[in-house]
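Participant: quick one: sequence plus predicted model below, questions after.
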Amino acid sequence: MNITSLSTSAHTAYHDLRNLVLNETVMEIRGKLVKRDINGKTYWYDHYRVGTTTKDRYIGEDCPEIETRLKRATRLKQALPAQKSKRSTLVRLLRAEGMLSVDRKTGSLLKAFSEAGVFRVGGVLVGTQAFRLYEGELGVKLPAGDTSVTDDIDIAGFERLTLAIGDSTNRTPGSILEDLEFEPIPTLDNQAVWKWRQSGSGAEVEFLTPSFEENEGIRPLKSLNVSARALHHLNFLIAEPIYVVGLYREGILVRTPRPERYAIHKLIIADRRRRGPDSLKSRKDRAQAAFLIRVLAEDRPYELKGAWDTARAAGPKWRDRLDASLARMPEEKAILDGLA
């Protein structure tokens, strides 16, 4: 498997773009910044008044990076017009370097989701659309072919996060999807809708949430104002997500899984889908996992080993899934076994 690195200038430009897009997250502050300690974690909120009522808009979990941006919020607002122009220039540069762009259909939807607060309140882009956005984060070009191709969009989130942050999207994903000509796919009970399909293109959008029970079913995902399909192993995938930027217009800020967790999770899912109608997806899962394992073993071995150890420590059923996939991937098995 040949792995091609991005040029130093492209990798630098991507991180410049990411910083500029992250700056915008603190430019919408209307009132007073407040910190709240909830269940052992600290969260930032924008506390402001609307008429006779007050509102708390969730900004993010406390960390040095977000605290620094909040301190610079006033100066960043003044520089917004110039930053927009610079972002557009950086996007053009990265496209010229051969990085994958986000197509118009996907880009318009992700942009609308981002502006509505889907990723701000805990939504995480998963699946192949997330894999496509790892180029800038990892500094490598993704493999050509079906490994990086999809029309579908999967958004995941923790149901319990709603109770912690006490905020939700400022517009429902369902209304956004309807504007873009997506129609809900009815379930057996015709009530809980977790999947939409776009008329004409056939592209699908699914909402997912971790299952902590024996059975997988449909659960409410209140922070996103949708229902979601509950899946085992998903909690491992979307823990501690990261912000990445999609190359559409002047850049879209999206949250994705950490690449090392994505790689190990794909080994689990590949075994789940090995038989039946999803067998072709299983091959794609293994191909994505193989690529990321090789890149991460070279550039981020400690992060990869941490994710690998965490998944194997989750129990015998998890280890059985991992071993079944790696039985078909001897080179990747040797890499993971050799992590120190």
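Facilitator: Nice, I can see it.

Participant: which residues touch the residue positioned nearest the centre of the chain?
Facilitator: Centroid-nearest residue in the chain, with C-alpha atoms, centre = their mean: T256, separated by 2.0 Å. Neighbour list for T256: 124-126, 130, 133-134, 241-242, 244, 262 [criterion: C-beta atoms under 8 Å, 6 or more residues apart in numbering]. Every C-beta, even on glycine, is put in place using the N, C-alpha and C of the backbone.

Participant: farthest-apart pair in these, please.
Facilitator: Within those, two members stand farthest from each other by C-beta to C-beta: V124 and Y134, at 13.7 Å.

Participant: before we move on, back to that, the residue nearest to the centre of the chain pairs with what?
Facilitator: Beta-bridge pairing for T256 (DSSP bridges): I242.

Participant: how near is it to Y262?
Facilitator: Using C-beta to C-beta, to the nearest Å, T256 is found at 8 Å from Y262.

Participant: overlap in contacts of these two?
Facilitator: Common contact partners of T256 and Y262 (C-beta under 8 Å, 6+ apart): 126, 130, 134.

Participant: around the second one, how many other residues sit close by?
Facilitator: Other residues within reach of A130, judged by other C-beta atoms under 10 Å, total 25.

Participant: in a helix, it, correct?
Facilitator: Yes - membership of A130 in a helix is supported by DSSP: H, G, I helix; E, B strand; the rest coil.

Participant: for it, what are its contacts?
Facilitator: 124, 254, 256-257, 262.

Participant: nearest to F207, of the residues you listed?
Facilitator: Of all the contacts of A130, F207 sits closest to V124, with 10.9 Å by C-beta to C-beta.

Participant: close enough to count as contact, that closest one and P241?
Facilitator: Yes - at 4.7 Å, V124 counts as touching P241 under the criterion of C-beta atoms under 8 Å.

Participant: okay, and the common contacts of these two?
Facilitator: With C-beta under 8 Å, 6+ apart as the test, V124 and P241 both reach 255-257.

Participant: any idea which helix or strand of the protein has the worst average confidence?
Facilitator: Lowest by mean pLDDT, DSSP states H and E among the helices and strands of the chain is helix 161-165, with a mean of 58.
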